[in-house]
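A.B. asks: model this:
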Amino acid sequence: MANSETLKLYRRLLSYILPFKGMIAITLLALVVIAIMEPATAMVFKELVDESLIAKNPDSFVIVPMMLAGVFILKGIAEYFSKVFSQWIAQKAILAIRADMFHKIQHLPFSTFKSYGTGQLMSKITYDVPQASDALSTAWVTIIRDSMIIIALLSYLLYISWELTLMMLLIGPIVAWIIDKASRLMRHSSHAMQQNMGQLTHQLEESLTGHQDIKIYGAEAYGQKKFKRTATDLLNNTMQVTKVSALNVPLVQILAAIALSIIVYIAMQMSAKDFFTPGELLAFITAMGLIFEPIRRLTNVNEVVQKGMAAAESIFELLDQPNESNEGSDRLKSIKGELHFSKVSFQYPNSDDFALQNITLDIPAGKTTALVGQSGSGKSTLVNLIARFYDATSGEITLDGQSIETLERHYLRQQIALVSQKVTLFDDTVAANIAYGMETACPQEIMEAAKSAHAWEFIEKLPNGLETRIGENGNLLSGGQRQRIAIARAFLKNAPILIFDEATSALDNQSEQMIQQAMETLKKNRTVIVIAHRLSTIEHADNIVVMQSGQLIEQGSHASLLSQKGLYSSLYHQGKTIDD
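C.D. replies: Numbering: from 1, shown residues only. Here you go, the predicted structure:
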């Protein structure tokens, strides 16, 4: 249980409780009182037999019951404070761990974030943290309290008879070996449980978000079979931990019982020869009996520790991931929005192929540039590089003549507004969703943004207007309404660079026309990048960039591209959407 790696990991976990030194001190004081009260109980029994029952000392008739009551009262008070304060400390630590994990998730590099499944990240916070919580509340209190109780009782036993006590200690190495073997088995199974829970959460998330597709394709049985298989693996690994733990405790208790019976027999023989008083014999047997309960608890807590350490490894594996780098620190005095790609190539981590190859492209300030190409051509990758979700593998991207890698990353993203097909809304009010990330926006500004996006016409009809909650991912709104909320968010941000990923695709014809008009107003004096899926929506773009397999193969106006009779012309005359 206590190998160097486990101790190192546990010390790191315990570092989260160090800020609460005052509470820890009170808890430790309570634990010391509990430990002292254990041998004190045996001492009271000694006085009860020797002074009250045998010597018939009249003073003991009052003192001994008072001592017995005092021992249990002090122990009860100490137990209360140790449990309440240790739980308070643990919950404060868990709050800090969750805050650190949430902060880390927010600041992970985009590539690292994508490498984790959403279910895996959710499992770390919802499953791993409570497992670690037990190691921060139950475990350390049990280890310290019961270790001190054992030390206190052993000291008292040594005081009465060091020979018998040393005989009892002979079982110690055997017990330690059993606990070590159990620890290794439980740690392995606990790791498997962490993975199973991550898979289970991921599958649950997929089934909830893909509910409509599951029904339309009749995949209920397939999904259920897959979920049941993962849940069964979790069950098997959980039972493995349970079986090891359940066997661990009885083995230790059987060994202890055998040792106890042998030592009691010897002690009775010694008492018969007047080596002990009757009270000392009873006190010795009582102390020996009392020592087995803390041993049992220490053996049991091994399961809690191993689960907690497996959880802690998972937690710290996430927390040790490097934050999104931010080498840049510059800011521009003013933003025109002119972007230039110079021989830019990009390769995703763990990929053998380049997503972008030798891209040289000018995106003029105040103009509309449309990116078209079949799925996988590199359109989204190119946009992701502008926002520095990824950094180019080679080449350079400049904003108004300055490399974007020299700009402070948060500042760069402040200059960009994004409206995509996949709208992300939050379980909050309409106003909070429009002003997301812009907490200083006043109600009037939010209202104006909503009107500009032609969203006000339905917002004012909602039960509480701007203060109406819209449900998880805006599921209380229609698709068109959700899209207009997202567009209103972009209006409110008022960024000099606008990125539209076919932003009007979810709107009906009437709403699309209104939004197109609003966008024409919004485009004035701004750099606009449109990822196009329907060619009819980008005919009036200032420049159309055609991409294929990560390469720029054509660019120009709608008319010039038609005259080139290339890929763009072919798709246009076939009347296809660009991703078909």
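A.B. asks: Could you list the buried residues of stretch 133-153?
C.D. replies: Of the residues in stretch 133-153, those buried under the neighbour-count criterion (16 or more other C-beta atoms under 10 Å) are 133-146, 148-150, 152-153. C-beta: built from backbone N, CA, C; applies to glycine.
A.B. asks: Give me the pLDDT for the residue most central in space within the chain.
C.D. replies: Relative to the mean C-alpha position of the chain, the nearest C-alpha, by C-alpha atoms, centre = their mean, is the one of Ile125, at 3.2 Å. pLDDT, Ile125: 82.
A.B. asks: would you say it is within a strand?
C.D. replies: No - assigned with DSSP: H, G, I helix; E, B strand; the rest coil, Ile125 falls outside any strand and is helix.
A.B. asks: Out of the buried residues of stretch 133-153, name the ones that lie in helices.
C.D. replies: Restricting the buried residues of stretch 133-153 to those inside helices, with DSSP state H as the criterion, leaves 133-134, 140-146, 148-150, 152-153.
A.B. asks: Report the contact partners of Ile499.
C.D. replies: With contacts taken as C-beta atoms under 8 Å, 6 or more residues apart in numbering, Ile499 has the following neighbours: Val383, Ile386, Ala387, Ile416, Ala417, Leu418, Val419, Val528, Ile529, Val530, Ile531.
A.B. asks: Return the distance of the third one relative to Thr381.
C.D. replies: So the one you mean is Ala387. Taking C-beta to C-beta, to the nearest Å as the criterion, Ala387 is separated from Thr381 by 11 Å.
A.B. asks: hmm, back to that, the residue nearest to the centre of the chain against His103, yeah?
C.D. replies: No - applying C-beta atoms under 8 Å as the test, Ile125 and His103 come out as separate, 11.8 Å apart.
A.B. asks: neighbours around the residue nearest to Asp427 when sequence neighbours are not counted, how many?
C.D. replies: Setting aside the residues directly before and after it, Asp427 is nearest to Glu472 in space (C-beta to C-beta, 6 or more residues apart in numbering), at 4.8 Å. Counted by other C-beta atoms under 10 Å, the residues lying close to Glu472 total 10.
A.B. asks: Isn't Glu472 up against Asp428?
C.D. replies: No - taking contact to mean C-beta under 8 Å, the distance of 10.2 Å between Glu472 and Asp428 leaves them out of contact.
A.B. asks: what is in contact with those two at once?
C.D. replies: Taking C-beta under 8 Å, 6+ apart as the criterion, Glu472 and Asp428 do not both touch any residue.
A.B. asks: what's near enough to touch Leu13?
C.D. replies: Applying C-beta under 8 Å, 6+ apart as the definition, the contact partners of Leu13 turn out to be Ala132, Ala135, Leu136, Gly308, Met309, Ala312.
A.B. asks: That one sits in which helix or strand?
C.D. replies: Remark: Leu13 resides in helix 4-14, with elements defined by DSSP states H and E.
A.B. asks: if we can go back for a sec, tabulate the ones in helices among the buried residues of stretch 133-153 in TSV, adding columns for distance to Tyr568 and pLDDT.
C.D. replies: Compiled in TSV, those are given as follows (distance: C-beta to C-beta, whole Å; pLDDT from 0 to 100):
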residue	distance to Tyr568	pLDDT
Ser133	58	82
Asp134	61	80
Trp140	67	85
Val141	70	87
Thr142	71	88
Ile143	70	87
Ile144	73	90
Arg145	75	91
Asp146	76	90
Met148	79	93
Ile149	81	92
Ile150	81	89
Ala152	85	92
Leu153	86	90
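A.B. asks: Between the residues you listed, which sits nearest Thr368?
C.D. replies: In terms of C-beta to C-beta, no member of these lies closer to Thr368 than Ser133, at 53.0 Å.
A.B. asks: what's the burial count for the residue lying closest to that closest one once chain neighbours are set aside?
C.D. replies: Spatial nearest neighbour of Ser133, chain neighbours left out: Ile94 (4.9 Å); criterion: C-beta to C-beta, 6+ apart. Counted by other C-beta under 10 Å, the residues lying close to Ile94 total 18.
A.B. asks: Of all the contacts of Ile499, the one with the weakest confidence?
C.D. replies: The member of those with the lowest pLDDT is Val419, at 83.
A.B. asks: measure it to His410 for me?
C.D. replies: 20 Å.
A.B. asks: Mind checking which of these two has more residues around it?
C.D. replies: The residue with the greater number of neighbours, taking Val419 and His410 and applying other C-beta under 10 Å, is Val419; the counts read 23 against 11.
A.B. asks: Quick check: beta-bridge partners of that one?
C.D. replies: Here Val419 sits in beta bridges with Phe500, going by DSSP bridges.
A.B. asks: buried set for stretch 332-351?
C.D. replies: Within stretch 332-351, the residues that qualify as buried by neighbour count (16+ other C-beta under 10 Å) are Ile335, Lys336, Gly337, Glu338, Leu339, His340, Phe341, Val344, Phe346, Gln347.
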